[in-house]
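Undergrad: Predicted model and sequence follow; I will ask about them next.
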Amino acid sequence: MRGGQVTAGSKSRPRGYIADYRPQAKTTALLSAAQAVLNEYKDHWPLTVRQIFYRLVGAHDFPKTETFYGTLCHHLANARRARVIPFDAIRDDGVTTVRMEHFDDEDHFRRHVRYLGENCRRNLMATQPLHLEVWCEAAGMIHQLAAVAHRYSIRVYSSSGFDSLTAKKAIADRICETAKPAVILHLGDFDPSGESIFEAVAEDVEEFVEADRTWGEVFVNFERVALTGKQVKAFDLPTAPARATDSRSKSWSGETCQLEALTPTQIAEILEAAIERWIAPVQMIFDRRAEADERTRLTRLLAAPVGAA
């Protein structure tokens, strides 16, 4: 192994950081455009590579092909290894672990508790008349959507695994436990597969909720927030034919489009508007003011760690 590369026969692949990074002029131009996209949407970091791809296609005239997408993935990975592009600018999910709340010593625990008090957040949905959840087809976009939804204490879930019977029953149980009506806001691709899965999950969860609810006012509504055919037209998004290999394409009319064709700003604005349609605004304002007062009182009560200012 030499210089961050693993050699196998006549081919070598980068490993770790790339110290001597000398991209060709064409690659430099591509990375410059990608960096412009990242700078434009820095408030929404981390972006997915697919979001960068669609912005390069829509605003920088790059080709909308899977070949170009593969090229982009390759060069963005190398640019991150070379520290040309920050690692935290792009999201690509990998390792999952279980959180462990252990502390180095008593002082470490005190600092932690103090931090919790200073950043205490009230569950703003607890007093709302409805239970709201956000579902997203692409797991990589959860953090972007959470940046909006968490301001209202609304959880975001990846719906990519909701074809599991266990997962669907768990969703219904969660809704029944809230003991109030629920609304699921869903964001996914505009294609036959995405819409079919969403409809199937919605129907299954509705049936479970109706059977298991403890009183008649508990029910669930599903709203397709994005992506819709109207949005594809309104935002003039790039489309592609439905995949012939998808059996659901037989009943599909027209083109398809991926959610990430929308810019991060557009997605955030669409989601926020959808949430605002369902919440009780006066109650939300009251709870946010109460949250600020509670945070102040808690911070005064919790002793600062030794040596803290």
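TA: All right, it came through fine.

Undergrad: Every contact and neighbour count from this point should use C-alpha atoms.
TA: Fine.

Undergrad: tell me the centre residue of the chain?
TA: Closest residue to the average C-alpha location of the chain: I142 at 1.7 Å, with C-alpha atoms, centre = their mean.

Undergrad: Going by residue numbers, what spans are strands in the stretch 101-250 of the chain?
TA: Secondary structure of the stretch 101-250 of the chain by DSSP state E, counting those that start in this stretch: the strands cover 131-136, 156-158, 182-187, 220-226, 240-241.

Undergrad: Just checking: what are the partner strands of whichever helix or strand comes after the shortest one?
TA: Pointing back at strand 240-241 there. Downstream of strand 240-241, the next assigned helix or strand under DSSP states H and E is strand 255-256. Strand pairing for strand 255-256, using DSSP bridges, gives strand 240-241 (antiparallel).

Undergrad: quick one: contacts for the closest residue to G194 other than its chain neighbours?
TA: Using C-alpha to C-alpha, 6 or more residues apart in numbering and skipping residues adjacent in sequence, the residue nearest G194 is G188, 6.5 Å away. G188 is in contact with C136, E137, A138, G194, E195, A226, L227, Q258, L259, counting by C-alpha atoms under 8 Å, 6 or more residues apart in numbering.

Undergrad: Compute the number of surrounding residues for the fifth one.
TA: Neighbour count for E195, taken as other C-alpha atoms under 10 Å: 16.

Undergrad: now it: how far from V225?
TA: Between E195 and V225 the computed distance is 12 Å (C-alpha to C-alpha, to the nearest Å).

Undergrad: Then the first one?
TA: Using C-alpha to C-alpha, one obtains 10 Å as the distance from C136 to V225.

Undergrad: Give me the common contacts of these two.
TA: By C-alpha under 8 Å, 6+ apart, the residues touching both C136 and V225 are H186, L187.

Undergrad: got any ranges where the stretch 151-300 of the chain has weak pLDDT?
TA: Filtered on pLDDT under 70, the stretch 151-300 of the chain yields the residue ranges 160-163, 247.

Undergrad: Where do the helices of it begin and end?
TA: 165-178, 192-212, 229-234, 264-278, 281-301 (DSSP state H, counting those that start in this stretch).

Undergrad: so how far is the last one off the chain centroid?
TA: A distance of 27 Å separates the C-alpha centroid of helix 281-301 from that of its chain, computed with C-alpha atoms, centre = their mean, to the nearest Å.

Undergrad: residues in contact with it?
TA: R114, G117, E118, N119, C120, R121, R122, L124, T127, Q128.

Undergrad: nearest to Q266, of those residues?
TA: L124 (24.4 Å; C-alpha to C-alpha).

Undergrad: ok, now how distant is that closest one from I142?
TA: 20 Å.

Undergrad: Likewise for C73?
TA: On the measure of C-alpha to C-alpha, C73 and I142 end up 20 Å apart.
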